[in-house]
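Colleague: my questions are about this predicted structure, shown below with the sequence.
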Amino acid sequence: MQELEVLLDKLQIFKKMYQAMRIVDPIGKKVLELRENELCEAGSACYEFWKKQQMCENCVSMRAFNEDDTIFKIEYNGDNVYMLTAVPVTIEGKRLVVELLKNTTNNLVLGDGKHSEDIRVFTMIEYINRVAVRDPLTDLYNRRYINERLPVDLLNASVKNEPLSVIFADLDFFKKINDTYGHSAGDLVLKEFAKELERHIRKDRDWAARYGGEEFFICLPNTNLEAAREVAERIRSSVEKKELMADGRPVHLTCSLGVHTVCNDSECMTVDGIIELVDKRLYKAKSLGRNRVE
């Protein structure tokens, strides 16, 4: 594998600068290694290095993969703080990411050296990584998270031969709410709608994100179309019954939802392709009168 040998040779100059270097498949979440001149899975998930039992929310390698650019991130492993550099590469036609990890613990100034300062640094790192993939108004995931997480869930569904369903939800006549009650009321509506979405999904498996404006995206792994439509209908019914107060006046809401289920590899498996398909279902719900599931 000549391309890989050339790449590894180039990386030798970084050996003194970094404590570790590795090649990862950001979609499969696997670390790769060279065996008998072939690039193979090492058997460990990339996030295990960070002593985590689940994938990182703010995946720097997935961002480097999507943006085709070098990305930097601060992360910690136990008591050690690392500077992580993710560099996108192409090897034998396959897009991968080289991760360069530098332990910067001894280079940090942690106040007077008390343990509380260490905790403060780790808390700050967690906060920075969290806000990078969260919508500041609703605290749901943001559009960037959709672009980074959905490909992983699509791959998992394909490998496990499981259905994966997605829901596109849109608040009906949201502009009228803003015009009638003001933008502060509009913000309240968005936050309450986000809570309704989270209330009807499985916390340990599903996830919801704000796609933009009053549009929201829900991903339901290992969920068939019938079950996904039931989730969407429960959301629709719950929102319709909800009454909010804005400046002492009641605000009644409705929403439209589109549902699509990915069942086999013959379908479009890209983020944009899946969103286009479920958006067509949402458009149909709106064109048929809104406040419905399609």
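Modeller: Alright, I've got the coordinates. This structure is a prediction, so every number in the text was calculated from the model and none was measured.

Colleague: then residue 63 would be within a helix, right?
Modeller: Yes: counting by DSSP: H, G, I helix; E, B strand; the rest coil, one finds residue 63 located in a helix.

Colleague: hmm, residue 87 and it touching each other?
Modeller: No: applying C-beta atoms under 8 Å, one finds residue 63 not in contact with residue 87, separated by 11.9 Å. All C-beta atoms are positioned from the backbone trio N, CA, C, and that covers glycine.

Colleague: what is the helix or strand where residue 272 lies packed up against?
Modeller: Assigned by DSSP states H and E, residue 272 belongs to helix 271-287. Applying 3 or more C-beta pairs under 8 Å, 6 or more residues apart in numbering; DSSP states H and E, we find helix 271-287 packed against helix 143-160, strand 164-171, strand 255-262.

Colleague: possible to save the ones you listed as TSV with mean neighbour count?
Modeller: Below are these laid out as TSV (neighbours: other C-beta atoms under 10 Å):
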stretch	mean neighbour count
helix 143-160	18
strand 164-171	25
strand 255-262	24
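
Colleague: relative to residue 42, which of these is closest?
Modeller: Nearest to residue 42, of all the helices and strands packed on helix 271-287, is helix 143-160, at 17.4 Å by C-beta to C-beta.

Colleague: output the helices and strands packed on helix 271-287 as TSV; include the columns distance to residue 75 and mean pLDDT.
Modeller: Shown next, in TSV, are the helices and strands packed on helix 271-287 (distance: least, C-beta to C-beta, whole Å; pLDDT from 0 to 100):
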stretch	distance to residue 75	mean pLDDT
helix 143-160	15	90
strand 164-171	28	97
strand 255-262	31	96
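
Colleague: what's the burial count for residue 253?
Modeller: 20 (other C-beta atoms under 10 Å).

Colleague: surely it touches residue 238?
Modeller: No: using C-beta under 8 Å as the test, residue 253 is too far from residue 238 to be in contact (10.0 Å).

Colleague: which residues sit in contact with the most centrally placed residue in the chain?
Modeller: What sits nearest the mean C-alpha location of the chain, by C-alpha atoms, centre = their mean, is residue 145, with 2.8 Å. Residue 145 is in contact with 57, 133-134, 207, 209, counting by C-beta atoms under 8 Å, 6 or more residues apart in numbering.
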